[in-house]
Structure formats: structure tokens, C-alpha cells
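In: Got a predicted structure plus its sequence, pasted below:
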Amino acid sequence: MRKLHLTLRRVVLLGGALLLLFLGHAWLRQRPQDLPWTDLDLAQPVGLFTGRKLAALTGDTARCRALLDRAGVDYVAMKPGGDGQCAYADAVRLKGEADAIALSPASVAPSCPVAAAFRLWEWQVVQPAAQRIYGQPVRSIRHFGSYSCRRMYGRSQGDFSEHATADAIDVAAFVLADGRQVSLVNDWKGEGKDAAFLRAVRDGACDLFSTVLSPDYNAAHRDHFHLDQAERGAMGWRACR
């Protein structure tokens, strides 16, 4: 009887494991964004590997622009520029579809992987948070620029910033549909709606960009989010502060 009991127990455990495997497989089939080998699709919700796939677009300009095209993102492909450590070849200027958040100044041209992550951040994080907290959308985002041929923190030595290859953008403020501005320098601290909104969009950005730095990181970022698509993000090495 004891052997029979053990056998039945094993059968039950095996059956349970097979059922979980089947259910897990069925669930993953409905969420390809959670699988590392599936193609990135900006129309899908953010998944476990979305950030890695976005960072992996660095150096594959044709694939990145094709991704923007499939998602209906309106952009202008910029000519390669810079040289040496400050060379870039995949910059795009987001033109702003009718329902898209406008960038101010509009002339900014980040790398294609940054632009792809930025639009996905807008669709999946920024606008949902604005509707939830304010009951209205964000109309425009004010920034401090993207491309800048310089080393990190403007030092004379050391590693070059991701800005040196247009692989970063610094976001300073959000302008709501009613014209009110929510800025990092004025609204990051506190417990109100503005602080909650800024933290929500910061946290959501961490799933999409390789590096997200906010006022929580240091005084140099007291007035902006630094969002970049460093290549290390493709391997899962991310920074979120």
C-alpha cells in the first residue's frame, strides 16, 4: 500500500507539473514580448525582454527604422554626422503624429533605438499615467537635448557620454493638455500628484531604456531624467535611479 501511495503521489505531481507547463506555454504564446527570441513589436505591451530588444537595435539602423515604420511612427532619418568617438549614423527626428506627444524643441534627433523606446514610453507609460493621475493627456515634453560630443559630466577625461553618439535624451518637463507644466526641478519632491506622476514615468522608463537617471541619483540630475540606450542594456545590464 505504501508503494502504491508513493506511485499515485508521483503521478499526481507529474500531472500537476505537466499542467503548469501547458498553461505556462499557452500564456507565453499570448505574450511574445516576454520571450527573448521573438521579434520586437512596438504595438505590443511592454514585456520582460522589451528593454533588451530595444537596446539591441543599436548598430542595426535598417531594422530599427523598419520597426518605426511598422508602428506608424512619423520621423525623418538624419544624415550621419560627427566623427571619432562622437560619430553617429542612426539619428532620427520624430515629426509628431497627430496624436503623439510633441518634443520641445522639435529639432532634437536622438538615435533610432532611443526614439523607438521614447515612443513606446509615451504610449505605454506616460499617457496612461497622465490619464490616471490628471484625467488628461500630456501634450508636449520639454527636453535639454540629445546629441552632444562630450565625456560624462563634461569632464576632460574618462568615458564618453551616450550623448556623444545621440544615444540619450534629457527630459526636463511635461506639459499637460490644459497647458500646465510638470517639471522635475519644481515638482519631483513631495507627496502630491505631480511627484507621483514623475515617479511613475521614471519607473516605467526603467523597463525600456538601458539607463534612467533622475533627481534620486545625484544633484547633476536634479532637473531632468537622463534616458539612454547604452549597448550593455542588450545584455540585461541596466541602471535605474
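Out: Here it is on my side, so go on.
In: Can you pull the domain assignment for this structure?
Out: 1-30, 38-240 (automatic domain parsing).
In: And the last one, end to end?
Out: Right, the one you point to is domain 38-240. Criterion C-alpha to C-alpha, to the nearest Å; first-to-last residue distance in domain 38-240 is 25 Å.
In: Mind checking the pLDDT average for it?
Out: The average pLDDT for domain 38-240 rounds to 95.
In: what's the offset of that domain from the middle of its chain?
Out: Put simply, domain 38-240 sits 6 Å off its chain's centre (C-alpha atoms, centre = their mean, to the nearest Å).
In: where does the residue nearest the centre of the chain fall, phi/psi-wise?
Out: Nearest to the geometric centre of the chain sits Leu208, at 2.6 Å (C-alpha atoms, centre = their mean). The phi and psi values for Leu208, taken as degrees, to the nearest 10, are phi -120, psi -30.
In: Tell me which of the domains of the chain sits most buried.
Out: domain 38-240 (a mean of 18; mean count of other C-beta atoms under 10 Å). Where C-beta positions appear, they are placed from N, C-alpha and C, glycine not excepted.
In: Can you show me the helices along this structure?
Out: Using DSSP state H, the helices of the chain run over 2-30, 50-55, 61-70, 112-121, 127-134, 184-187, 193-205.
In: Contacts for the third one next, please.
Out: To tie it back to what came earlier, the one meant is helix 61-70. 40-43, 57, 75, 77, 89-90, 92, 112-113, 115-116, 119 (C-beta atoms under 8 Å, 6 or more residues apart in numbering).
In: send the alpha carbons of it over as PDB?
Out: The C-alpha trace of helix 61-70 is given here as PDB (Å, rounded to 0.1, in the frame of the first residue of the first chain):
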ATOM      1  CA  THR A  61      19.700  51.000 -38.400                       C
ATOM      2  CA  ALA A  62      17.600  49.300 -41.100                       C
ATOM      3  CA  ARG A  63      15.900  47.000 -38.600                       C
ATOM      4  CA  CYS A  64      15.200  49.900 -36.200                       C
ATOM      5  CA  ARG A  65      13.700  52.200 -38.800                       C
ATOM      6  CA  ALA A  66      11.600  49.300 -40.200                       C
ATOM      7  CA  LEU A  67      10.300  48.900 -36.600                       C
ATOM      8  CA  LEU A  68       9.300  52.600 -36.500                       C
ATOM      9  CA  ASP A  69       7.600  52.200 -39.900                       C
ATOM     10  CA  ARG A  70       5.500  49.200 -38.900                       C
END
